[in-house]
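Peer 1: Based on what follows, work out the 3D shape:
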Amino acid sequence: MSGKRTLRESLPTMASSLVLSRLPRRSADGDDFRAVFAADLHTDADPFRDRTDVLRRALAGIRRDGNTDVLALCGDITNCGDEKEYALLRRLKKAYLGDLRVLPQMGNHDSWHHSDDPNYLLAERLFQRFCRDCGLVTEKNYYYATVKGFPFIVTGTEALCHNKPTITEAQLDWLDKALAKALRTGKPVFVLSHQPPEGRNGVTPEYHEAGMGERSAAVDALLLRHAATAKAPILFFSGHIHWLLPCCVEQAHENLYYINLPSFEYGGKGDPGCGPGTAALVTVNGGKLTVTMRDFINGKDIPGYEIKV
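Peer 2: I've put the predicted structure just below:
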């Protein structure tokens with residue numbers, strides 16, 4: 001994408017996106033619950049860059065698309081965890097999402113503050129401050145939340161992360177208890193991570209930098225153990241890889257699905273139909289849960305990745 005632009009160049013997208021986000025929402029009659037899962041926004045500090053215009057159109061498209069209950073962000077919500085990037089993300093959220101509930105998750109880019117001179121402690125404070133802006137009070141980079149009674153388990157790195165997250169034994173123990181708590185609701189359970197466990201979603205030993213690292217087997221085992229007693233599906237969402245291929249939707253158990261998301265900013269390598277603004281749409285209607293990959297800029301589904309439970 002190109003570099004410096006002016007306000008005049010960005011005004012058409014700003015105006016059209018604002019109008020779009022305020023139009024009557026498309027009908028979503030009958031949905032008891034509607035959630036969007038997006039990854040890798042890589043929010044810039046420059047409000048006039050063309051990559052920021054992509055986010056404007058995509059976020060406005062989510063609000064226009066239907067009565068969505070929550071937008072869950074699976075990491076790399078900023079490009080390097082900088083104050084100015086979070087400031088712009090707040091403005092985009094307010095302008096194009098309104099009061100839509102947002103659940104952020106920390107990706108490797110969010111743990112840097114700056115890539116050339118990383119400052120993890122500052123990056124952590126800025127991430128948790130943004131969580132508070134989203135109505136979440138947490139002193140850790142992982143937390144448990146509910147939306148309309150549906151449980152969300154949000155994991156997060158606990159140290160500077162260039163590719164693989166740091167997941168401590170304390171977080172693993174918390175994850176175990178959080179899954180047990182979530183399963184007692186009897187509802188579908190949504191788990192957010194930035195990276196998938198190695199061995200899932202096509203992350204092979206040769207491509208190990210894309211996965212969760214040494215905690216992969218432990219996290220996978222926890223999920224499989226809880227899936228064996230679940231009354232409703234567990235859906236594990238991740239990003240980081242910026243691709244969209246058949247392996248990005250994997251059923252590991254009758255009640256466990258791994259879904260790796262393309263980049264909301266850049267689209268997904270591997271599928272020519274997956275452009276910027278693509279995220280997963282989850283709807284629950286009565287006893288049926290459906291997951292589709294959807295292009296929110298153009299308002300259309302991307303075939304080949306649907307899940308129906």
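
Peer 1: How about Gly275, nearest residue that isn't a chain neighbour?
Peer 2: Leaving aside its chain neighbours, Gly275 sits nearest to Gly267 (4.4 Å; criterion: CB to CB, 6 or more residues apart in numbering). The C-beta positions use only the backbone N, C-alpha and C, and glycine is treated the same way.

Peer 1: Tell me which residues touch that neighbour, please.
Peer 2: By CB atoms under 8 Å, 6 or more residues apart in numbering, Gly267 lies in contact with 242, 244, 274-278.

Peer 1: avg pLDDT for stretch 14-22?
Peer 2: Averaged across stretch 14-22, pLDDT comes to 85.

Peer 1: Sorry, wrong one. I was asking about stretch 203-219.
Peer 2: Here the average pLDDT along stretch 203-219 is 88.

Peer 1: same thing with stretch 291-302?
Peer 2: For stretch 291-302, the mean per-residue pLDDT is 97.

Peer 1: quick one, helices of the chain?
Peer 2: With helices called from DSSP state H, the chain shows them at 7-22, 50-65, 83-92, 120-133, 169-183, 216-227.

Peer 1: Which neighbouring elements make contact with the shortest one?
Peer 2: Read it as helix 83-92. helix 50-65, helix 120-133 (3 or more CB pairs under 8 Å, 6 or more residues apart in numbering; DSSP states H and E).

Peer 1: Including mean neighbour count, could those helices go into JSON lines?
Peer 2: Formatted as JSON lines, the helices and strands packed on helix 83-92 follow (neighbours: other CB atoms under 10 Å):
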{"stretch": "helix 50-65", "mean neighbour count": "22"}
{"stretch": "helix 120-133", "mean neighbour count": "18"}
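
Peer 1: Tell me which of the ones you listed sits nearest to Phe150.
Peer 2: With CB to CB, the closest approach to Phe150 among the helices and strands packed on helix 83-92 belongs to helix 50-65: 17.6 Å.

Peer 1: what's the distance between the residue nearest to Gly275 and Phe33?
Peer 2: 27 Å (CB to CB, to the nearest Å).
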